[in-house]
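1. give the three-dimensional model of this entry:
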Amino acid sequence: MLVDTHAHIHFDQYADRLDDVLQNAQANGVEAMVCVGVDEHDSAKAVALAQKLPNLYATVGLHPHDAAKGQPALDRIAELARANLLTPHSSLPTARSVVAIGECGLDYFKQYSPRADQERALRFQIELALELGLPMVWHVRDAFDDFFRTVDEYQGLRGIVHCFTGNRTNMERAVERGFYVAFNGIMTFTKDQSQLEAAKAC
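-> Prediction:
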């Protein structure tokens, strides 16, 4: 069974061709998909779509690019997570769709939000994930030292470092902590030898 653990098919650009996307996925053996939220509004869309269609699940999160939205956005993320949490004991699985917290993390490459806001948002979402017993989807770019410093202050974290474009050392640091690593599209055309070495080592 194949599961696409990081899809954004709830984005507006897929609205007119969603049926084709889902049929194509199924035809290629993808039996389930996780719609990953990136802010409070987008996360609500991910939850709504996952509740509407079978074999779709959702994450809710505030991306580091949007971390400057602050506490109101984070409170909405928490509300969505608590209200739609999917657990092994959920009595109505079709109405309980949230399986992870994120996409969240630190991005110092584009730095659309101040670093302090990014760290506050990351910590809030870490604490939310621990409260609910959920894994996390992390976006980390050019910020691994601060990311590892932050996550190491917490116990029991589970998750995947999505959008990985780091070197072998940072890949190994993630794996040592029990995290999964996902290479993104950049890794399919990069000429950066340190990134290629990380992919080969993984």
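
2. wait, Val99 touches Leu86, no?
-> Yes - when contacts are counted by CB atoms under 8 Å, Val99 is listed as touching Leu86 (5.3 Å). To be clear about C-beta, it is placed using only N, CA and C from the backbone, and glycine gets the same treatment.

3. now do the shared contacts for these two.
-> Both Val99 and Leu86 are contacted by Tyr57, under the criterion CB atoms under 8 Å, 6 or more residues apart in numbering.

4. buried sites along stretch 28-46?
-> 30, 32-40, 42-46 (16 or more other CB atoms under 10 Å).

5. name the helices or strands packed onto the longest strand belonging to the chain?
-> Determined from DSSP state E, the single longest strand within the chain is strand 98-107. Applying 3 or more CB pairs under 8 Å, 6 or more residues apart in numbering; DSSP states H and E, we find strand 98-107 packed against strand 30-36, strand 56-60, helix 71-83, helix 115-132, strand 136-141, helix 144-151, strand 159-164.

6. for Gly102, give its distance to Gly178.
-> 16 Å (CB to CB, to the nearest Å).

7. okay, the two: which has more neighbours?
-> Between Gly102 and Gly178, Gly102 has the larger neighbour count (other CB atoms under 10 Å), namely 29 against 10.

8. which non-adjacent residue is nearest the more buried one?
-> In space, and not counting its chain neighbours, Gly102 is closest to Val137: 3.1 Å by CB to CB, 6 or more residues apart in numbering.

9. didn't the one you found look like it was pressed against Ala100?
-> Yes - the criterion here is CB under 8 Å, and Val137 meets it with Ala100 at 5.4 Å.

10. shared neighbours of these two, anything?
-> Joint contacts of Val137 and Ala100 (CB under 8 Å, 6+ apart) are 59, 159.

11. higher neighbour count, the two?
-> Set Val137 next to Ala100 and count neighbours by other CB under 10 Å: Val137 wins out with 30 against 26.

12. residue contacts, the more buried one?
-> Val137 touches 6, 36, 59, 61, 100-104, 159-160, 162, counting by CB under 8 Å, 6+ apart.

13. which of those ranks first by neighbour count?
-> Gly61 (34 neighbours).

14. state the distance from the closest residue to that one other than its chain neighbours to Arg149.
-> With CB to CB, 6+ apart as the criterion, Gly61 has its nearest non-adjacent residue at 4.0 Å, and that residue is Gly102. Gly102 is 18 Å from Arg149, where distance means CB to CB.

15. I figured Arg177 was touching Val151, is that so?
-> Yes - applying CB under 8 Å as the test, Arg177 and Val151 come out as touching, 7.1 Å apart.

16. who's more crowded, the two?
-> Val151 (21 against 14).

17. can you pull the contacts of that one?
-> 126, 157, 177.

18. before we move on, the earlier item: the residue nearest to Gly61 is in contact with His139, isn't it?
-> Yes - using CB under 8 Å, Gly102 is in contact with His139, at 7.4 Å.
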